[in-house]
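Peer 1: Generate a structure from the sequence data that follows.
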Amino acid sequence: MKTTVALTLYIFRAGGKRTEEKPFTCSDCAKSFSRNSHLKEHQRIHSGEKPYSCTECGKSFSCSDYLNKHLRIHTGEKPHSCPHCQKSFGRLYSLQKHMILHTGEKPFSCPHCPKVFTQAYTMQMHIRTHTGERNFHCSHCPKSFITSSTLQKHERIHTGDKPHVCDKCGKSFIESSHLQTHMRIHTGEKPFSCTLCTKSFADSGGLQAHTRVHTGEKITKVFSCAQCALSVGSLQNLKRHMRVHTGEKPYSCSQCSKSFSQSNSLKLHIRTHTGEKPYNCSLCDKSFFSAGDLRKHFRLHSREKPSAN
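Peer 2: Numbering: from 1, shown residues only. Next comes the predicted model:
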């Protein structure tokens, strides 16, 4: 009976430890591999080539292993089970991250600072914040990045690719986190709550800006618009302002086809359908859709002459 043996080259270090030889080196970042096939897969990070496509959603990948892992999103397959609880995962990496909840182990230490990590890869990425190493270069502009995933997200700015699609309104986003924040428009979820009052917000930026009302903190960071000369005190306000330039209107009325760039504008509009007039004049029996309309109305009272006795 013949047995086929895959030969792998090894070298021996002092102390008898066996280390796998890596003769195949990437010309772009000097990373080395034990097999030429692994080098070819790695080089697609630099070239941007993604020959493996998902038949369900059209998303493309640089290697077949990434595609197979992605397909589990569609099939729901979760082959990696936790031995300590009932949870299971589609990716081995996700199971390994989950296991930390049970063990609490962080065996990888940064040689430059006291930080410790659960994964070697996470530690390597962190070390680059000390060394300044950025091996992943954008093919469209001079920017470079610490990780390939950050590069891929950045390149969508140039390509216009927005793979994360809202199933409620069809709007698409560059990053999954942007989609998650957007979904709160539809669900009404406001998970960021102020500890000093009852107000809640859909994102952390809104909460941070609101907290300054209580603390009296002065805004020191300025966010400037790339399209015009306007500067604002928070990233959230800059995002709102940018809709003036992009024409984006993410807030849609469920009663008619109208859309709005601001959530407050949508609230005011909805009152034209419901007839709600929550702002009441304290000097007469009139009520109004908005605080602005009430203020205008008050001016009429302030101009009234006192009646003659």
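Peer 1: So, low pLDDT: which residues of the stretch 1-150 of the chain?
Peer 2: Applying pLDDT under 70 to the stretch 1-150 of the chain flags the ranges 1-20.
Peer 1: What are the boundaries of the helices in it?
Peer 2: Along the stretch 1-150 of the chain, the segments classed as helices by DSSP state H, counting those that start in this stretch run 36-47, 64-75, 92-103, 120-131, 148-159.
Peer 1: ok, now the stretch 151-300 of the chain?
Peer 2: With DSSP H, counting those that start in this stretch as the criterion, the stretch 151-300 of the chain has helices at 176-187, 204-215, 235-246, 263-274, 291-303.
Peer 1: Same list, the helices of the stretch 1-150 of the chain, but as CSV with mean neighbour count please.
Peer 2: All C-beta atoms are positioned from the backbone trio N, CA, C, and that covers glycine. As requested, the helices of the stretch 1-150 of the chain are exported to CSV (neighbours: other C-beta atoms under 10 Å):
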stretch, mean neighbour count
helix 36-47, 16
helix 64-75, 14
helix 92-103, 13
helix 120-131, 14
helix 148-159, 15
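Peer 1: before we move on, back to that, identify whichever of the helices of the stretch 151-300 of the chain lies nearest to residue 79.
Peer 2: helix 176-187 (22.6 Å; C-beta to C-beta).
Peer 1: who does that closest one touch, helix- and strand-wise?
Peer 2: strand 164-165 (3 or more C-beta pairs under 8 Å, 6 or more residues apart in numbering; DSSP states H and E).
Peer 1: Quick one: residues in contact with the strand it packs on.
Peer 2: 171, 172, 173, 174, 175, 176, 178, 179 (C-beta atoms under 8 Å, 6 or more residues apart in numbering).
Peer 1: between the residues you listed, which is nearest residue 253?
Peer 2: Residue 253 lies nearest to residue 171 out of the contacts of strand 164-165, by C-beta to C-beta, at 15.4 Å.
Peer 1: Next one: that closest one from residue 182, what distance?
Peer 2: To residue 182, residue 171 is 7 Å away according to C-beta to C-beta, to the nearest Å.
Peer 1: returning to that earlier point: buried only: go through the contacts of strand 164-165 for me.
Peer 2: By neighbour count, with 16 or more other C-beta atoms under 10 Å, those hold 171, 173, 174, 179 as buried.
Peer 1: Quick one: residues contacting the first one.
Peer 2: Right, the one you point to is residue 171. 165, 182, 250.
Peer 1: Now do it, the pLDDT please.
Peer 2: pLDDT, residue 171: 76.
Peer 1: before we move on, could you check phi and psi at the nearest residue to residue 41 once chain neighbours are set aside?
Peer 2: Excluding the flanking residues, the one nearest residue 41 by C-beta to C-beta, 6 or more residues apart in numbering is residue 63, at 4.5 Å. Taking degrees, to the nearest 10, you get phi -140, psi 160 for the backbone angles of residue 63.
Peer 1: how close does the spatially most central residue of the chain sit to residue 77?
Peer 2: Nearest residue to the geometric centre of the chain (C-alpha atoms, centre = their mean): residue 177, 2.8 Å. Counting by C-beta to C-beta, the separation of residue 177 from residue 77 is 25 Å.
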